[in-house]
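A.B. asks: just to be clear, the model below is a prediction. Sequence and coordinates:
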Amino acid sequence: MDMFEIIGKIILGLGLMFTGIQMLSSGLKQIGSRQFRLLATRHVSSRWRAVLFGMGSGVVMQSTSAALMILASLISSGALTVGQAIAVLNGFSVGNCVLLFIVSLDISVEVMFVVGLCGIGMYLAKNEKYRTYLLVGLGLGLIFFGIEMMTAGVRPLRQEAWFTGAMAFSRDYSLLSIAAGMALGFIAQSSTAVALVAIGLVRENILTGQQAFLFMYGAAIGSTLFKVMLGAAFRGTSRQLVRFVNVFNMFGAGVFILLYYAEVYLHVPLVMALLAALRLDLVHQVALVFLLFNLTSAAFFIAINGPLTRWLAGSFPPSEEEGLSQPKYLEDFQPQDPDTGLELIRLEQARELDQIAAFVSTAVTNYAGAGLDSRYEAFRSLARDVAASTAAVAAMPMDPRTAKDHAYFQTRQALLDQLADSTAAGVKSIRRARAYPSMEKLSSACLESLDFLLPFAAETDRTNAPEQVRMFLDLSSSNGPSMDQVRKAYMEGDMLASANEKGCLLDLTIMMEKIIWLLNRFYNLTGARIAHGDAAV
């Protein structure tokens, strides 16, 4: 077999194995991610329940990155605390190890049937649910097949003098094995994938047990670099999870590398002595060491969960957007009490109106706070929680007055959603108008108008004073000063030179009219309720 063919087989094997890992992870995520999201909030009432839930999820999902994304979103919405999410991830890391024990089985003939039948099934099946299950089987089979192909390519190299010399040299310099694991861990972005490669190389006696162990420890360090880059996509408390995963890997790698050198040079019976006592073959030793690596780190971080979460909170405090997106009053929501629930919903809706008013500040020169898009997404997150609580109240038994109140708050929420959409679009139109010198004065006038109306609306909502509601209705009426200013600006649009300017003016006037109309509609609803004596919930 020439060198070109050898290299081709090795690359093909690695490609098949990584493809199998991706297919397995993708299929398992489709099957388990929805249930993971739903169950995560139900099984974290205690630390140990969270750990056990994480272990089961790790067996099913086999993707730490997917778990990170889901847990981060649950933290952002206030459904989980960072401490609970860390407990889940500790268990998840242990559950992830099951794949190595499966791959360590000698079932190469059975794998041929699995790959072939799953491939045929994928071609014939039309039902997406069945295709997902077949994808999992095909992915698992390709991992086996890829390892077999890779080792078939490496096998002839054992007859080459230069290769045997290089392997002998690497056995004398343990740092080379660590460095090789780091490089492959960074490329593969997964320490599990590197552990699978190590199993294949050990099976063909290319690596010794000690080299394979160091190879995996280095991979944990290398894959951490990818998690560092992944952390750039998270903000606030969500970044605490990424930092935890990085610390988890670095701690495990540091401890087990130190244990290795203590055992080799100080002759202290540790990991390798345990493996010798268990009399396992090398392939199963690699799988067991990977489990011990994750189990040791998980046990340590479970024990220091409290101090760890406090340190992470100090390192990555909550962002402004997180505070805006999380309910402040609905944490005390009592499902059996609809009147209390509606009062808490009213308080959250007042916060929503304050947040909409703050959209305008993002267009002010030299503004340095959270951006418009971030504020808008925070509003949408809070609005989803408010809508969910409103739906929960609808399922409760209530008297006619409470039912009327519920309909009122439901309508208010729909108007707030529309107002947020329109205000965000209006602020963007104001920014676009500034690009044209001829519209600079108009855009400033629109900004000042919104900067007055929206905070005044928020203040009026807090007081619910009848005279203030009437004053606001006059200001926002179709014949009021705000609407007259918008109409006058539009009528003067013929003075603009370009079609782009006219189009920008049209967008701006439409959005201003819509915002003012929605505010008027909002307070018409409030005014009607006050007139009927229903101002208090």
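C.D. replies: Cool, got the structure.

A.B. asks: ranges for the helices of the stretch 251-400 of the chain?
C.D. replies: 271-278, 282-303, 305-315, 320-325, 338-359, 372-394, 400-433 (DSSP state H, counting those that start in this stretch).

A.B. asks: in JSON lines: those helices, plus mean neighbour count.
C.D. replies: Just so you know, the C-beta spots here come from the backbone N, C-alpha and C atoms, and that holds for glycine as well. Formatted as JSON lines, those follow (neighbours: other Cβ atoms under 10 Å):
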{"stretch": "helix 271-278", "mean neighbour count": "14"}
{"stretch": "helix 282-303", "mean neighbour count": "20"}
{"stretch": "helix 305-315", "mean neighbour count": "14"}
{"stretch": "helix 320-325", "mean neighbour count": "19"}
{"stretch": "helix 338-359", "mean neighbour count": "20"}
{"stretch": "helix 372-394", "mean neighbour count": "18"}
{"stretch": "helix 400-433", "mean neighbour count": "18"}
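
A.B. asks: looking at those, which one has the lowest mean pLDDT?
C.D. replies: Lowest mean pLDDT of the helices of the stretch 251-400 of the chain: helix 320-325, a mean of 66.

A.B. asks: so Ser99 touches Thr192, yeah?
C.D. replies: Slight slip there: residue 99 is Leu, not Ser. Yes: under the criterion of Cβ atoms under 8 Å, Leu99 makes contact with Thr192 at 6.5 Å.

A.B. asks: what's the closest of the helices of the stretch 251-400 of the chain to Ala125?
C.D. replies: helix 282-303 (32.2 Å; Cβ to Cβ).

A.B. asks: now the helices of the stretch 251-400 of the chain as JSON lines including distance to Leu184?
C.D. replies: What follows is the helices of the stretch 251-400 of the chain, written out as JSON lines (distance: least, Cβ to Cβ, whole Å):
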{"stretch": "helix 271-278", "distance to Leu184": "21"}
{"stretch": "helix 282-303", "distance to Leu184": "15"}
{"stretch": "helix 305-315", "distance to Leu184": "29"}
{"stretch": "helix 320-325", "distance to Leu184": "36"}
{"stretch": "helix 338-359", "distance to Leu184": "47"}
{"stretch": "helix 372-394", "distance to Leu184": "37"}
{"stretch": "helix 400-433", "distance to Leu184": "46"}
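
A.B. asks: out of those, which gets nearest to Gly222?
C.D. replies: helix 282-303 (14.2 Å).

A.B. asks: ok, Gly527 to Glu467 distance?
C.D. replies: 11 Å (Cβ to Cβ, to the nearest Å).

A.B. asks: just checking, Gly371 touches Thr362?
C.D. replies: Yes: counting by Cβ under 8 Å, Gly371 touches Thr362, with 6.1 Å between them.

A.B. asks: these two: who's more crowded?
C.D. replies: Just comparing Gly371 and Thr362: by other Cβ atoms under 10 Å the higher neighbour count belongs to Thr362, 19 against 11.

A.B. asks: report pLDDT for the more buried one.
C.D. replies: 87.

A.B. asks: OK, contacts around it?
C.D. replies: 369-372, 375, 427 (Cβ atoms under 8 Å, 6 or more residues apart in numbering).

A.B. asks: distance of it from Leu372?
C.D. replies: Taking Cβ to Cβ, one finds Thr362 at 4 Å from Leu372.

A.B. asks: where do the contact lists of these two overlap?
C.D. replies: Residues touching both Thr362 and Leu372 (Cβ under 8 Å, 6+ apart) are Val427.

A.B. asks: Leu330: neighbouring residues, count only.
C.D. replies: 19.

A.B. asks: so it makes contact with Val386?
C.D. replies: Yes: using Cβ under 8 Å as the test, Leu330 is close enough to Val386 to be in contact (7.2 Å).

A.B. asks: between these two, what contacts are shared?
C.D. replies: Counting by Cβ under 8 Å, 6+ apart, the residues touching both Leu330 and Val386 are 345, 348.

A.B. asks: which strand or helix spans Leu201?
C.D. replies: According to DSSP states H and E, Leu201 maps onto helix 191-203.

A.B. asks: which stretches in the chain count as strands?
C.D. replies: Counting by DSSP state E, the chain has no strands at all.

A.B. asks: mind checking how far the residue nearest the centre of it is from Ile75?
C.D. replies: For the chain, Met69 is the residue whose C-alpha lies nearest the centre (Cα atoms, centre = their mean; 2.4 Å). In this view, Met69 and Ile75 are 11 Å apart by Cβ to Cβ.

A.B. asks: swap in Val386?
C.D. replies: Distance from Val386 to Ile75, by Cβ to Cβ: 19 Å.

A.B. asks: angles on the backbone of Ser476, please.
C.D. replies: In terms of degrees, to the nearest 10, the main-chain angles of Ser476 are phi -100, psi 10.

A.B. asks: and it, how many neighbours does it have?
C.D. replies: Neighbours of Ser476 under the rule other Cβ under 10 Å: 24.

A.B. asks: in this structure it contacts Asn524, no?
C.D. replies: No: using Cβ under 8 Å, Ser476 makes no contact with Asn524, being 9.3 Å away.
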